Structure formats: C-alpha cells, structure tokens
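[1] what follows is a predicted protein model with its sequence.
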Amino acid sequence: MTRQLITLIVNGDRYQVPVAPCETLLDVIRDRVALTGTKRGCTSGACGVCTVQGDDGRAVLSCLALAIEWDNRPVTTIEGVAGGDELHPVQKAFLEYGAVQCGACTPGLIMTAKALLDENPDPDEEAINEALAGALCRCTGHIKVKIAVREAIKAMAADAAPEDGHGIQEG
Amino acid sequence: MASRKADFSVVGHDQPRLDGAHKLTGRSLFTDDVVLPGMLHAKIVRSPFARARILGIDTSAALALPGVKAVITHADAPKLYVGIEQPLFRHTIVNYIGDEVAAVAALDEATAAEAAALIKVEYEPLPALFNIQDALKADALLIHAKAKGNIAWQQAQDLGDVELGFANSAHVRTDQYTTHASHNCYAEFHVAIADWSLPDKLSMWTPTQTAILFQKSLAGALRLSDGQVRIMSLNTGGGFTGRTSVRPHHYVAAVLSRKTGRPVKIRATADEEFIACRAGGEVKYTFRTGVSATGQIKAFEADISFDTGAYVESQMIVLTLTSSYIHSLYKIEAARYSGRLVHTNNIPYYFHHGGGLAQMAFGLGQHMDALARELGMDPVDFHLRNGVTKGYTSMTGTFFGSCGLAECITKTAKQAGWKRKYGKLPPLKGIGIGVGAMASGAKGVFKHDTSAAFIKIVDDGTMSLFVGLPDMGQSSHTAMAMIAAEVLGAQASDITVISGDTDIVPLDVGALIQRGTFNTGNAVKSAALDARKQLEVLAAGRLGVKPSQLVFRDRQVYPKGQPEKAIPLKKIVYDTLHSREGRFVMGRGFYNSPKDSGTMAYSFGAQIAEVTIDPDTGFVTVDRIVASHDVGRAINPRIVEGQIDGQVFSGMSQVLYEETLLEDGQVMNPSRLDYRLPRSYEMPKVEHIIVESIDPFGPFGAKEVGEGPIVCTLPAVANAVANALGEPVNEMPITPWKILQILGRRAKG
Amino acid sequence: MQLPPFAYHRPASLDEALARLSTAGDSVAALGGGTDLLINLKLRLERPRALVSVRDLPELAGVSLDASGTLRIGAGERLTDLAAHPLIVVPYPGLAQAIRAVGSQHVRNMATLGGNLCLPTRCWYTNQSENWRGSQLPCWKTDGQVCHVIKTAPNCRAIHSADSVPALISLGARVLLRSSQGERELLLADFYRDDGIENNVLAPGELITAVLVPPARVRSTFVKAAARTGLDYGYATLAGALTGSNRVPKSLLLVAGSVGTMPLVLQKPAQIILAEGLNEAGIEAAADAVRDDLGEVTNLFTPPGYKKRLMRGLVRRVLHELRRQKLPAAD
C-alpha cells in the first residue's frame, strides 16, 4: 500500500505522518499521533464518539473522514479543548452538572457541544437537540448533558459580558 | 433516629465525580487506548448459519498471508468451555449466527480481518429453531442432546397454599406478555487485551463489572490458579448488566496470546456487538393474580419462558430472580412459579439493562394496573394497599429494615398531579404509574458476598483507597471516597481511589446486583473506621479526651462541641508516623452480609409517566416522568439523579424504541443506527424525588440506585400508553405500527 | 470496520475530475462528503479501485440565482450550509426542512447535496456483514436473481431514502450532469429509476454538478416520520409544494420518500386537492386516496400495512401545513 506523507495539524501541533488513502482521520489520530481521547465507536457515523472539530469549527466524524483529506487542515480534538489546567466552560458544566458517567462518549459530546457553541453562542432548545442527536449516550440519556450545555451557555455569556454586568443574559 | 444531612460534611452533598476532569479532557484510558509492545490484533471467524454442520475448515490461505502470526480452531482449545456448555470453538455443529469457528492473530487489524476472510469453512446448513413455540413442540429437533425437549433448565415452586389463595379470591385475572430481544449498547464496545506471553501469568485488560468473576472464570477454563490471572479494568464504558461474565472473545485473546507469545488485542466491530456479545432474547410471561374484593392480593402465579438461545450460561439466575421479584414489592401469601429456559438457534440470551426484572416489570406492572382497573380501584391505592412496609418479613424470608415504598408512591402521585389527571385526560393523552423494588446485593453468585477495602493515609493528609469495585460510570468510586472522607474528616478530593487491578486491590464481588454502595460502601466505612481508630490514639492524648469524644470533620480533629480546639488532620497523621512508634496508618475492612442467602436491603421507587400518542404516525412521546426513589440515603444526590435519568432513558427506550430484530437467527439491525436508541430530542423532562428511608444496615443508611429506577420506568410508560390508547399493548416494544393498528381497528369498530 | 485499500485522487478542476472518472468506469467512485460511501466501503458493498474527491471542486460550489430567478445549487455544497442558506430557507422552507432531515448535524457538516442525490438504496439484507451476506442466497444486489424483501420482485426493491430528493422533486428541480463527453440537464424526477441497484440514470464517468430549482412563488413543506428525530432513516417522508390559493390551487406536487426504490409522486391526492380545493374535506379525501395510489410499497424496516397507514397521516399533515402556510414574500 503506498503511503503519502501528510502534515496533520492537531491542536496546533504539526505531525508529519505517512498515511494510506484508506486510513481514517480517527485511526491516524489515535494510532499514529497517539491522542486516544478521541474514541473509536461504531466507525460508521452513528454514535458520535469520534467527533473532532474541523478547520471550519464544525463537528466532524473522524471515522468517516479520510486522513489524506486533512493534510494541512487544522483539527481540534478533546485534548485541545481545555486551556492548560483550566477546563473549557462546557467541560466545567459537564463536570458540575453530572453529565459525565462512563466517559466513553464524553469526548464526542464535548466536541459536539463545543462546535455548536463556537458557531452559535446562544442556541435554542431545538439547536441543542439538533447538535446532540448525532451523539449517543446510554448512561445519561442526554438529560444532564442538555442541562450542562444550557449551563455552559449561561456561563460563557456571563464571561463574555462587560465587567459592569450589562448584557448578562438571564437563562 | 439516624442523623440528618446537616450532620455530615461530605455525605449527602453534591460532589462532582473525582475522575470527571480526566474523562472530560480525554486523559482517561480505556482498554482500546492501550498499546503494548509487540501487540497483535485478532479477528474471529464466525458462523453465518444459524445451524449447520462443519464439513471442513481450511486455514492454509490465512496462514500463508504475510503478517499472520497464528490461526486457532477447536483443535487449539478442545476442552475450553465458555460457561457451561459452549465450547470456545465449534468443530462439529454451529448453533447460532456468530458461533465461533476459528480466530486469527496478525500484526495489524486489517491483516487479521483479511486472514479471517481467507479461512474457508465448509458448512452443510441444517434445520434450525427460532422461537419458543417451535422449540417446545414434541417433534422439534434437539439442539443439545442433553437438553430434552430443548429445555435447558426449568423450575417449579409453590410457596404457601396457592389453590386456597385463588379459591379465596373475589377476582382472578390472567394476562400474557411478550418482550423481545434487546441490547445493552454501551458506548465502549467489547474489547480485550490478553498478555499470556509467559506461561505462568495471564494479564488481561478489559472493561468489566466484576474483575473477580473474570479472574475465576478465566483461571478455571484455562487451568490456571486464580492468582495467575490478573485482570485490569481501566475505565469501563458502561455495563448495564452486560459485562458480568467472560465472553468468547476474552478466551480467544488469551489462547492467541499463549500461542504467539505476544500480547493480543481483540475488539468487536459494530455488528459483532450485536451478533456475538449476547443481548436479551424473547421472553413470554403469564401472570395470574387473585385478589379480595377490596383489592388485597391473595395468590399469585407466574409462568415464564425464556428464549435462551443456542447456549445456556447464567440465565438461570435471571429466571430465579424474576420469579421471586414480586415478594420484594408486594405482601404475598401464596405464590407459584414455573419457568423454563428454552434453547433456540438464536444468539444466546444474556443479561441486559434491568437484568430481566425490568423486562418482566413491563408485564407485571401492566397486569397489576389492569387488575386494579377491573376492581374499579385507583392503581395508586392498589399499590399502597399491597406494597411491602418497614419491618415486614416476606414469606421468602426477606426482612425489610427500611422501606420508602409508600412515601415514593404518595409523593410521586402528588407531584405528578395524579388525582387531577388519572382518568380525566383527553383522548390520546395518558398517565401511568410504575412501582418497583430492587435488592442491594445478594448472596448467590458465591456463598459470600464479600467486598473488602484498604485505605492508606500519607503524612500530608492525602489518602489512597483500594477497592475492587469497578466504576462503569455510576460514580461508585466517588461515592466510596465520600464515605471514607466522611469517616476520616477528610474531603473526597483528598482521596485517590485505586481500583481495577486484581494484583493490587482487595477482593470484591463487583458491580453486580446493585451491591456497590451497600457492600463495598460498608467495607470502605469499616476500613476508614479502622484507620481512624489508629489516629484516635494520638489525637485523644493530645486533646485530653476519650477517643469516643473525638470529631473528625473538615480536615480537622476536635473534641465534640469544641471545634476551637481543632488540630489539623494532617498534623495528627504526620505526628502518628513521625512518632517513636512510627505508625503508618493503614485501615482495612470488609463486609459480608450476615445472612446465609438473599438480600439485606431493598430500595423502592415509583414513577409516573405522561405520554401523548400521535394518531397520524402512531408515535408515542413521553412528555414527563416524575421519578422517586428510596435510596436509603443519597450519598451524592446529583449523581443519584443521574442514575435515575439513565434508567428512565433506558426504560422508556425499551418500552418504545429498542429491539434487536431477529430473522432466522440473524440480527437485522446490527448497528448503532438501525438499533433505535432514542437521543436528545426524545428525552422527556425528568423530575426527581429522592426519598431517604435510612436503612439500618447500609453505610450511612444508603441502599442501591443502580437498577431500581428502571423497574419502575417500564411499567409507568407502558401503563401511560395503555391509558392513552384505552387498551394495553402486551408486547414490548410498543411500536408505532402496533399503535396505528389499534387506532385503525377502533376507527372501524 | 476498516476501509479496503483504494487509490485516491484530488483533482484541481472539474475537467480533470471527469477525466479521472471516465478512465476506469465502475471501479472509480466520486467521493463527496464520504458519510455514506465510506460506510458502504467498510461493509464491502462497493469496491472501487480509486476514489476521486470532488467535494472541493470550485465548479461544484456556490448557491446563486440567475437572471430568470432559477436557483443554482452546486452539488459540492455541504448540507449544513444549504439548510441555513437564505436563498433556500425563505423561498423553499420544504427544501430546507428536508435537507435538515438528512443524517445528523455531524453528517450534514460533511455530506454534500450531490452525495445525497446519489445515495444508494438500502436494505437490511445487504447492508450487513460480508460474512453473513455470503451465506445467503444471492439477491439482485449481490448478483443473484431474488429479492429477499419481495420474493416475487423482478428486480431489487431496496429503499430509496435520500431525504432531500422528494422536496427537490416537489419543487420541479432539475439536475445538471457532466461527463468528459459533455453536459445534460434533466428533471430530477426523471433521474431516478425503479430499481434498487440501477437506481439512477447517471452514466459511467458522469457527475452531478448542480441542482436547478425553478423560480416559483410556492408554498412548500416536508415531513419525515422516523423512530427518532435526527440521524435516522425515515419510515416514510412526504414533501409537498403548492401554487395558487387554498380555494383555487394551481399546482400541487406531493412526493413520498422511503416507500420504494425511488421517490413516488402521489397522483390521486394531488388531483383531489386540485379539484376540491385545499379545505378540510379535500384533505380528508386526499388522505383516504393515498392508499390506492401507493400501490406496492417495500415493507422493509417496518411491517406490512404500516407505511400505507402512515402515509395517510403524512398526507394529512403536509396538506394542513400547506393550507396554513403563508406564501413566502416576493422580493
């Protein structure tokens, strides 16, 4: 199998990786770049645990993306979400509101929620459901996940508001 | 009276899970994340036929493929059995679609898959059986010669005078129910890594609910001593009763590792999750209940047939548990059970979420609801009239030291507005109640039900807690840390919970039968008390009081009522170590129920569901669930809510959505897409009512919340649908087509 | 599941892509978003020797109006972008709804319109592991002579379930097809064939480059009945587009999806509405008429009888929505 050298940019780090055309972004990120936070699930786009954020900020199913198509295109994975020791507001809300149980779907849910809020900081219930419908979670039944996403929206809006408190949105 | 929440500084307060930040940042390791030096990848060759004779297996092409390191068949493990009657590999007759025939290990997964496809197995397809009725026919073919009439196991039992009970009944009602196959659908797929590269030690990394059972099963089957098998469960991505015993792929990885002298990883593909990893099968229930004119149950009879699939393993437990379930919920004076496990050529039946009890509750809850309606009685009153109470001892010998059933029922009914709504909703809107009970651990798997714990305290005041209880997501490790922290006056975050490696952690039967909080919790409490006792010597002397007068709280130790005299906990620890004695504080404890068999405590719940039926599509929307659960004491209330949520989801999903669709033994929907789990849009609002009955035997009064809520959800949703539809649907799942059919028939009639 | 090996090309221009696609006929496949093709490759349902990535071709990009008001949608446009595009959302709400009904948001972020139009039919006898498929009597899709769904069927009856298609057909959309030989344009309704395998008229080497939606002041809607909202194949879908008033409707196209091997234009219910007007009685009569109009449906994924009952409900729902809907404001 002929391999082609590509530059994978994951969380700002550049990796030179030889990939065959049939290798998925998921397998390369996990097996070659050794970032295993992105989980391998159904590998056919139905469970969402492999979700990463693409160069346009949107949620991408890494199990259905060919690595070769991501040459020189930045990708964000779960390892790149927190800022150092500081959890991202979505991660904080998941922790505080009990939206993490077994944790196997959690990276995919975080990437899904982050991609949603990056594009739309004030999604309504429908938009939250629409985004989360691409990711399965058996443990929580999505109930606390939805609560956590709503709480993250509030927290992010409060952070973004000016110091004097004007513009803080009431949830 | 037991102490109130305010008396505790840790227990009863919301504590985010201790491993949460790891899980949220992708740091948590799951088995598939592990790569060992020299590791090979394995694939299994499975029968595509439900029943067939193997005429020949040609492995030569696979062995010739570069990168292939080993191919194994029955000849490599002729005496290895999975459970009781399933040889690891078949060489004569295959009995279900997915039955293992051979396996291959290669340098990478793609090569292993290619090699597996190159193994040519010649089959002669044979007639097969696919349902209970056909399998029980007098002239049916025999799947296993030993199982006469295709009955793998059966039981029949009378408790009390059943005939008299029915004779004394004013009303007797009989109903039949059917539930179909479903699947656990964990987020983490089945995976195992075996390293048996040296003959005297097998190490296995795998998600599990019970490392000890895995250790014992592997050791027994592979002729090793228990100590020669090391199980390492890292994080376990969901269990739902489905990771309680060793599956064929675990053995395959072990045998391949021994043969190649290298570590071997095996992981299930999406369809293998369904085909080979054993979900639930079809079950048929007949319930007959006699009641007095005032609605008191006089006699109960249950007959249950399980499609147990091609091989029987531990399904007897399911049958036994479902048969006796009613005694944990209602006061029963006479009962008769009969039941059988019936062989078919379907996938072997195994546990799924609710352990068989929730599935039975779909029928039992509707049966009791129908009985109440027939009597003109409000179901709420019926459950209150018959429900068990504190201090009651059932005819099976269970003593109920705590019981919040009545409180659950009345509080749930009040919050849901039951009286206002029941019988008064517009057409196609429905409300229904489900009640349930669940054991906190039980003897049965072993003679003991032991959990043990160690705790060591470092001289900076931090601690390591060693437990054998796995955390599949239920946050058990955080709960254990909270219990230890409460006893030792520490914070939960001061404690690192060490688990998952049988070479390190003490014995624990595992996360089975909802025993974690109760059994392991008691063990942890005992270990923490042991450690505290060691600290009390120095502290009591320093403070000039008796040890019994000491308070350990908020990282401090002080005489009762005199917090101003507090000494920091870590100073006590430091001084205890840096003393002439040089005592390193290590606490140990274990818990085993003092009973010979059965359960020390039951938890109880009640749920009320409201639904709307769409007459155009037949879809049912669950609008609202009010869920109460008597957990004894909520160690970590928000996590308790999360446990309730997950079970409400799974319960409503089983009633309305999920089914492993089988056609001639083949799963027709073996994917996360076609197996229809609901998701974000479908989930209703869930309101929680936590009832604390403070169990006299539980740690700080706590009982289980692991599978108790789900036994309430199924009947609640089913009864709500029956209420909306005006007639019950006795088959699960309740699909849109069943609903439209009923609505269509009504419109005509 | 792992992908089989294949060669990969990413041409810079449409001409180069067409040249690639025409060289090796069937053993070359055009790769759009990959959200369906790669799953089928993993299941070994298709075995192309090479994939030609067409998603980012500039010639396949863009959403624009021409002078006549015809809307041109590039086949390489992502569904997420289209579902929110002002040139679609406002004038063609039915199309926006249908596009949003495809897959999950994750899938729509990747998937292209052209890919959805070419979505292969599905059947749970073939969308299965290769091992099990191999043990079954070969069906039409696996070079056999039998359909496991409808035993007497003379060809493959797998289900067409591309949700954008009924909506586009209801709007009278046309497709532009290009090959190295040249370009042709045809009604999307004529693009599909009543055969689960040879499901459309795309010739080897040919590619959908754009979809053209004719200008019309139209009321439109789309409903999908699926077990779950988001990421599910529908039990049935229905798109409707109406011109004229409720009292005097001028034209009505009702197009059903997920009921057979191709989208089905419902004749009788539309005729009833055009004759009776879009009113309560007309809607009930139209809903009652759908049963006969459906003829043979493929009872795949649902038991016999359900789709016909369901479609009755969907006709009612779509017609009520069209009746209620206000005509989009003219520019």
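    On my side now, so go ahead. As the structure is a prediction and not an experimental result, all values here were calculated from the model.
[2] and the stretch 351-500 of chain B, which of its residues are near chain A?
    Within the stretch 351-500 of chain B, the positions near chain A by C-beta under 8 Å from any C-beta of the partner chain are B:472-475. For every residue, glycine as well, the C-beta is placed using N, CA and C.
[3] 6 Å instead, please
    B:472-473 (C-beta under 6 Å from any C-beta of the partner chain).
[4] pick out the residue of the stretch 351-500 of chain B closest to chain C.
    Here the stretch 351-500 of chain B gets closest to chain C at one residue, B:Leu428, 12.9 Å apart by C-beta to the nearest C-beta.
[5] next, count neighbours for that residue.
    Using other C-beta atoms under 10 Å in any protein chain shown, B:Leu428 has 16 other residues around it.
[6] wouldn't it be in contact with B:Ala724 here?
    Yes. Using C-beta atoms under 6 Å, B:Leu428 is in contact with B:Ala724, at 5.5 Å.
[7] shared neighbours, the two?
    With contacts taken as C-beta atoms under 6 Å, 6 or more residues apart in numbering or on different chains, B:Leu428 and B:Ala724 have B:Ile613 as neighbours in common.
[8] partner residues bridging the residue lying closest to the residue of the stretch 351-500 of chain B closest to chain C once chain neighbours are set aside?
    Residue nearest to B:Leu428 in three dimensions, not counting chain neighbours: B:Ile613, with 4.3 Å by C-beta to C-beta, 6 or more residues apart in numbering or on different chains. Taking DSSP bridges as the rule, B:Ile613 bridges to B:Val620.
[9] please report how far the most centrally placed residue in chain A lies from B:Cys185.
    Nearest to the mean C-alpha position of chain A, counting by C-alpha atoms, centre = their mean, stands A:Met111 at 1.3 Å. Going from A:Met111 to B:Cys185 by C-beta to C-beta, to the nearest Å gives 21 Å.
[10] surely B:Ser464 touches B:Lys456?
    Yes. Here B:Ser464 lies in contact with B:Lys456, judged by C-beta under 6 Å, at a distance of 5.2 Å.
[11] ok, whichever residue of the stretch 1-150 of chain C sits closest to chain A - how many residues close by?
    At 3.0 Å from chain A, C:Ser104 is the closest residue in the stretch 1-150 of chain C, using C-beta to the nearest C-beta. Neighbour count of C:Ser104, defined by other C-beta under 10 Å: 26.
[12] C:Glu296 too?
    Neighbour count for C:Glu296, taken as other C-beta under 10 Å: 10.
[13] hang on, C:Val211 is in a strand, isn't it?
    Yes. Under DSSP: H, G, I helix; E, B strand; the rest coil, C:Val211 falls within a strand.
[14] what secondary structure does the nearest residue in space to it that is not next to it in sequence sit in?
    Computed as C-beta to C-beta, 6+ apart, the closest residue to C:Val211 that is not its neighbour in sequence is C:Ile73, at 4.6 Å. The local conformation at C:Ile73, judged by three-state DSSP, is strand.
[15] list the contacts for C:Ile73?
    C:Ile73 neighbours (C-beta under 6 Å, 6+ apart): C:63, C:113, C:211.
[16] if we go to 10 Å?
    Taking C-beta atoms under 10 Å, 6 or more residues apart in numbering or on different chains as the contact definition, C:Ile73 lies against C:60-64, C:81-82, C:85, C:87-88, C:95, C:99, C:113-114, C:164, C:168, C:173, C:210-213.
[17] same check on B:Met377?
    Applying C-beta under 10 Å, 6+ apart, the residues contacting B:Met377 are B:291, B:294-295, B:371, B:385.
[18] how near is it to B:Asn669?
    41 Å.
[19] just to revisit the earlier point, ok, the residue nearest to B:Leu428 touching B:Glu727?
    No. B:Ile613 is beyond contact range of B:Glu727, at 12.0 Å (criterion: C-beta atoms under 10 Å).
[20] CA atoms only: put stretch C:187-206 into PDB for me.
    What follows is stretch C:187-206, C-alpha atoms only, in PDB (Å, rounded to 0.1, in the frame of the first residue of the first chain):
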ATOM      1  CA  LEU C 187     -35.700  16.800 -14.300                       C
ATOM      2  CA  LEU C 188     -34.700  15.300 -11.000                       C
ATOM      3  CA  ALA C 189     -37.900  13.200 -11.200                       C
ATOM      4  CA  ASP C 190     -36.500  11.600 -14.300                       C
ATOM      5  CA  PHE C 191     -33.100  11.000 -12.700                       C
ATOM      6  CA  TYR C 192     -34.300   8.000 -10.700                       C
ATOM      7  CA  ARG C 193     -35.200   4.500 -11.900                       C
ATOM      8  CA  ASP C 194     -37.500   2.000 -10.300                       C
ATOM      9  CA  ASP C 195     -34.700  -0.400  -9.500                       C
ATOM     10  CA  GLY C 196     -32.800  -0.700  -6.200                       C
ATOM     11  CA  ILE C 197     -29.500  -1.300  -8.000                       C
ATOM     12  CA  GLU C 198     -29.500   0.800 -11.200                       C
ATOM     13  CA  ASN C 199     -31.200   3.500  -9.200                       C
ATOM     14  CA  ASN C 200     -30.500   6.400 -11.400                       C
ATOM     15  CA  VAL C 201     -29.600   7.300 -14.900                       C
ATOM     16  CA  LEU C 202     -26.100   8.500 -14.100                       C
ATOM     17  CA  ALA C 203     -23.800   7.100 -16.800                       C
ATOM     18  CA  PRO C 204     -20.300   5.800 -16.000                       C
ATOM     19  CA  GLY C 205     -18.000   8.800 -15.800                       C
ATOM     20  CA  GLU C 206     -20.900  11.200 -15.200                       C
END
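[21] what is the burial count for C:Phe6?
    Neighbour tally, C:Phe6, other C-beta under 10 Å: 20.
[22] give me the pLDDT for it.
    On the pLDDT scale, C:Phe6 is placed at 96.
[23] element containing B:Leu465, please.
    strand B:463-467 (DSSP states H and E).
[24] in its sheet, what does that strand sit against?
    When DSSP bridges is applied, strand B:463-467 pairs with strand B:451-457 (antiparallel), strand B:495-498 (parallel).
[25] list the buried residues in it.
    Buried residues in strand B:463-467, counted by 16 or more other C-beta atoms under 10 Å in any protein chain shown: B:463, B:465-467.
[26] cool, thanks, talk later.
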